[in-house]
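> here you go, sequence then predicted model.
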Amino acid sequence: MKPKTLVKSECANYNRSDGSCWPTGDECLIRTGHRCGYFETCVLPLADQPSPKDDPKLQKQRAEARTAYHDKHGIVSATKIDKRPECPDCGSILPAGRKYGRCDSCRKAHDREITRQRVRDHRNNAVGV
Ligand SMILES: [Zn+2]
């Protein structure tokens with residue numbers, strides 16, 4: 001599916017009689033090959049919706065339109081941004097903003113382990129003194 005097709009079927013601002021945009025009265029930005037804020041925030045997210053039962057391919061087609069739109073305008077898609085670093089211990093995605101280290105639960109476990117180790121070393125050293 002092309003972005004234009006997605007607009008035709010889903011955009012609430014699209015005037016089907018002449019291909020214009022209701023709020024501006026100008027020709028639809030997507031049809032003229034430009035970026036459209038409304039399309040990006042309200043129409044593209046539809047690609048994340050599961051397909052309806054009577055049209056099982058719909059989600060894939062919408063995703064295609066989104067990819068085409070992103071590629072055309074050099075937009076880094078949300079799915080790429082979401083590819084955040086993972087916790088080396090359990091493989092879960094790290095909390096937003098954290099670029100390295102462990103997830104919260106593993107970090108706690110890890111800290112406990114470090115502390116235990118330190119205490120043990122300390123005791124072992126103390127024995128010989
Ligand atoms: Zn973890």
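Ah, there it is.
> so which helix or strand takes in residue 9?
Using DSSP states H and E, residue 9 maps to helix 3-10.
> can you mark which positions in that helix are buried?
3-4, 6-10 (16 or more other Cβ atoms under 10 Å). The way it works is simple: take the backbone N, C-alpha and C, and place the C-beta from them, glycine included.
> export those to a markdown table and tack on distance to residue 91?
Shown next, in a markdown table, are these (distance: Cβ to Cβ, whole Å):
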| residue | distance to residue 91 |
| --- | --- |
| 3 | 35 |
| 4 | 40 |
| 6 | 34 |
| 7 | 39 |
| 8 | 41 |
| 9 | 38 |
| 10 | 36 |
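> nearest to residue 20 among these?
residue 7 (11.5 Å; Cβ to Cβ).
> contacting residues for the closest one?
Taking Cβ atoms under 8 Å, 6 or more residues apart in numbering, we find residue 7 in contact with 14, 28, 30-31, 39, 43.
> in strands only, show me these.
In strands, judged by DSSP state E, the following of the contacts of residue 7 are found: residue 14.
> kindly indicate which of the contacts of residue 7 lies nearest the ion.
residue 43 (36.2 Å; Cβ to the ion).
> go ahead and confirm that closest one touches residue 11.
Yes - with contacts counted by Cβ atoms under 8 Å, residue 43 reaches residue 11, the gap being 5.2 Å.
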